[in-house]
Structures are given as C-alpha cells and as structure tokens.
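Peer 1: Give me a model of this one.
(chains A and B)
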Amino acid sequence: GAVVSQHPSWVICKSGTSVKIECRSLDFQATTMFWYRQFPKQSLMLMATSNEGSKATYEQGVEKDKFLINHASLTLSTLTVTSAHPEDSSFYICSARGQLTNYGYTFGSGTRLTVV
Amino acid sequence: KQEVTQIPAALSVPEGENLVLNCSFTDSAIYNLQWFRQDPGKGLTSLLLIQSSQREQTSGRLNASLDKSSGRSTLYIAASQPGDSATYLCAVNEAGTALIFGKGTTLSVSS
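Peer 2: Residues are numbered from 1 along each chain as shown, chains lettered A, B, ... in the order given. Purely as a prediction, here's the structure:
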C-alpha cells in the first residue's frame, strides 16, 4: 500500500532557530501534499495544501513566511518552521494524495516539535 | 465551510461492550468519509473509508455507516477490547481537497 515517510519523528530546538520536516512518498507519486498541525488534545487543523511544482495555498491565519512549504518533486515535500518560538510547539503531520489515488489519503507518522 | 462534529468527546466502557461513535458534517457534498485511530503521541491509522456512493464498510469488529443526505456517519465497534483504547477521528473531504477532521472521540476500554 501507499506509504509516506515523515521525519524527524521528534525534534527539540531553541527559540529563533529553524526546523525542517520532510515527507516522502515511497511507492507513489504525491501530486498533492497537505500539512496539518495538532495541538494537545485538539484535532488536526489544516495548515496548507501544496501541489508539486506550485506555490502552497495556506489556510487563513497561517503565516506563509513562517511556515515555508516546498513541494519540488512528486516524492518529497518539506515544511520549514522558521524562527521557531515556543508557541510553535506542536505535532505536525503530512498527508499525501497521488494522481491515481481515489481511495483516501496517506498520512505520515507525524513530527513532535518542541521549541525551548 | 465544512464542519465535522463528533459525539461523544469521551467514552469509557468495560471490555466486551458494543459501542457506537457518532460523526456529523454540515455539507453533504462529500467525496469520501474516513475513520482514523490515533494513539497518544502517534500518527493516524486509517480504519475505514466510505466513498460517497457507499452506505457502509466493514473491517473485522468495525463497521462504519454513512448517511450522506443527513450528514451523518457512525462507527460501530463490536466486543470492545482494552487495545481499542485510543482517539477515533472522523474526517471528510470533497474530491481532491484536504480532509477536514472532527475533534475526535477518546475511547477508554477497561479490562
């Protein structure tokens, strides 16, 4: 079945630094990637949608200059949290949709980001 | 804007009970509805996917139904086990768009 590899699974960084999270589709071409954020005991909130080769579309209230999304290839998308602050601490998870995938989306395993 | 609501927010049952989790959505023009399981601090495990043309899907002790016109879905878990303890998330999407999630039902099954 379709697999999305997400790493790192957890990361601790200092305030002001940047963190990159990668999602790779291992056995299919991910034409669209969705990035979500989940705060403790909350549901998944969509941050942005990216299509391969195009600029990402961000949801209202999500700062595009802070959360940089790159989807330069059909198998790799990255989310970079720039100048991270403690309030950015959260669980980030990606979801991929393939060109021929009409039966739901495949999720990465998530990244726990802690900013200290 | 699509909104997904799940009831109850939390549920505690003894082992062996059959239970029903509820999900409702405001816009019936959905393409798929999916049920996921999430263990604490972990990612998502897809349980069942129901396409808009379908009424239900079954996998083992799990059965999910979809009433698109009324904007409702139920997840039925038969003979619950302690290993079923987790948060169950319901999500819907239109064709090609992102899944919109409910807040989940946190299930605790005691032995």
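Peer 1: count of residues packed around the nearest residue to residue B:45 once chain neighbours are set aside?
Peer 2: Excluding the flanking residues, the one nearest residue B:45 by Cβ to Cβ, 6 or more residues apart in numbering or on different chains is residue B:37, at 4.6 Å. Where you see a C-beta, it was placed from the backbone N, CA and C, and this is true even at glycine. Neighbourhood size, residue B:37 [other Cβ atoms under 10 Å in any protein chain shown]: 19.
Peer 1: quick one: residue B:37 from chain A, how far?
Peer 2: From residue B:37 across to chain A, the span is 11 Å (Cβ to the nearest Cβ, to the nearest Å).
Peer 1: Surely that residue touches residue B:85?
Peer 2: No - if you go by Cβ atoms under 8 Å, residue B:37 and residue B:85 don't touch, sitting 10.0 Å apart.
Peer 1: measure the residue lying closest to residue A:30 once chain neighbours are set aside to chain B for me?
Peer 2: Of all residues not flanking residue A:30 in the chain, residue A:96 sits nearest, at 3.8 Å (Cβ to Cβ, 6+ apart). Distance of residue A:96 to chain B, computed by Cβ to the nearest Cβ: 11 Å.
Peer 1: Next: residue A:43.
Peer 2: 4 Å.
Peer 1: and that residue, how many neighbours?
Peer 2: 19.
Peer 1: Kindly report the residues of chain A close to chain B.
Peer 2: A:6, A:32, A:34, A:36, A:42-46, A:49, A:91, A:93, A:95, A:97, A:103-105, A:107-110, A:112 (Cβ under 8 Å from any Cβ of the partner chain).
Peer 1: Just the buried ones from these?
Peer 2: A:6, A:32, A:34, A:36, A:43-44, A:46, A:49, A:91, A:93, A:95, A:97, A:104-105, A:107-110, A:112 (16 or more other Cβ atoms under 10 Å in any protein chain shown).
Peer 1: what helices or strands is the helix or strand bottoming out on mean pLDDT in chain A leaning on?
Peer 2: Least confident helix or strand of chain A, by mean pLDDT, DSSP states H and E, is strand A:106-107 with a mean of 89. Where contact means 3 or more Cβ pairs under 8 Å, 6 or more residues apart in numbering or on different chains; DSSP states H and E, strand A:106-107 is packed against strand A:90-98.
Peer 1: For the strand it packs on, which strands pair with it and how are they oriented?
Peer 2: When pairing is defined by DSSP bridges, strand A:90-98 lines up against strand A:30-38 (antiparallel), strand A:106-107 (antiparallel), strand A:111-115 (antiparallel).
Peer 1: Where does pLDDT dip in chain A?
Peer 2: Chain A contains residues with pLDDT under 70 at A:1, A:99-104.
Peer 1: at 80 what do you get?
Peer 2: A:1-2, A:98-104 (pLDDT under 80).
Peer 1: Which stretches in it count as strands?
Peer 2: A:4-7, A:10-13, A:19-25, A:30-38, A:45-51, A:57-58, A:67-73, A:76-81, A:90-98, A:106-107, A:111-115 (DSSP state E).
Peer 1: Spit out the contact partners of the nearest residue to residue B:22 once chain neighbours are set aside.
Peer 2: Computed as Cβ to Cβ, 6+ apart, the closest residue to residue B:22 that is not its neighbour in sequence is residue B:7, at 4.7 Å. By Cβ atoms under 8 Å, 6 or more residues apart in numbering or on different chains, residue B:7 lies in contact with B:22, B:24, B:105.
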